[in-house]
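In: Need coordinates for the below:
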Amino acid sequence: MDKKMSGISKPDTDISKLSGKSKHTEALAIAPETVQLVWNYSKMSVTEVPDHWMDVLKKHQTIGANPSLWLAWFADCTIIQSPVYKKMKARMLKGEKLLELGCGFGQNMRKLCVKGVAAEDLFGFYTDRILIEAGYDLFVDRSTQMTFFTGDIVAGTFEFERFHDKFNIVFASMFFHLFDWTEQVAIAKQVVNFLRKEPGSMIFGQQIGHIKPGLYQVGRESAGYAHNTATLQQMWDLVGSETKSTWHVQGIMDVNDNIAALTQDDNTRCLRFWIRRLWN
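Out: Residues are numbered from 1 along each chain as shown. The predicted structure follows:
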């Protein structure tokens, strides 16, 4: 695959009609945008994508056992939904490096490749290799120059040291809310280590937020902390004081039907955030 890919061709087939079509009997829900990404990136026939998707899930049985993955939750290209996506993409097109926390299949990183970002400037972290391996199969690109790594993001590992002060931008989608306050502080301090120690270093993304911030059960045995923009700033003030850095938090709280259905709580929101380093 070329170092950079640009442009998305329009297929002859109506992608929106393919999402639920598969030779497999299991229910399949793939967003048309995801079908188009897999088709455009892998260069396979667009009509092959739904069956290819199900074959990947069947190969990786531990993924298939997770209902949210059967609904393609982890294949949504959330990066393009950010209010600052275009600005971040412009920076990456100039050679800035991005790390995605909780990269899942790596679909956001492949989306950036399609948009022209150099693969060698893209790095992805996940807690284990299950989805990373499935992503290689889904996008048919084990020879990619993108870098993926795993580890204990809360405790940190010595392997992380090679990534310290390496990135200009960190993207984290549907990740932080899986952890409690103390764990989120520890992860945020890892992010400070990953980012370059200069004004303008950024972390952006989205997570489950709540009108009444606190601990909530969200798809995990232990509860995670759901923020609003005020508590998120409070947390980053604490992180800043412990890392001798200053951070400015901005964000919006959107009503999101998918999140409300997942949490069974009408007070949950999609918290889209962007956090900028002000000074060392």
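In: Check what contacts stretch 229-238 and list those residues.
Out: If you take C-beta atoms under 8 Å, 6 or more residues apart in numbering as the criterion, stretch 229-238 is touched by 181, 184-185, 188, 213, 227, 247, 249-253, 271, 273, 275. Using the backbone N, CA and C atoms, a C-beta is placed for each residue, glycine as well.
In: Need the nearest residue in space to Val218, chain neighbours excluded.
Out: Sequence neighbours aside, Gly224 is the residue nearest to Val218 in space, at 5.1 Å (criterion: C-beta to C-beta, 6 or more residues apart in numbering).
In: Who are the contact partners of that neighbour?
Out: Here Gly224 is in contact with 176-180, 208, 215-218 (criterion: C-beta under 8 Å, 6+ apart).
In: Can you lay out those as CSV showing pLDDT and neighbour count?
Out: Shown next, in CSV, are those (pLDDT from 0 to 100; neighbours: other C-beta atoms under 10 Å):
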residue, pLDDT, neighbour count
Phe176, 97, 27
His177, 95, 26
Leu178, 93, 20
Phe179, 95, 20
Asp180, 96, 16
Ile208, 95, 25
Leu215, 95, 13
Tyr216, 93, 17
Gln217, 84, 12
Val218, 71, 21
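In: out of those residues, what pair is the most spread apart?
Out: Phe176 and Gln217 (15.5 Å; C-beta to C-beta).
In: Low-confidence regions, the stretch 51-200 of the chain specifically.
Out: 62-75 (pLDDT under 70).
In: Looking at the contacts of Gly224, which are in strands?
Out: 208, 215-216 (DSSP state E).
In: What is the nearest of those residues to Ala90?
Out: Ile208 (28.2 Å).
In: Any idea what that closest one is bridged to?
Out: Cys270 (DSSP bridges).
In: Great, nothing more from me.
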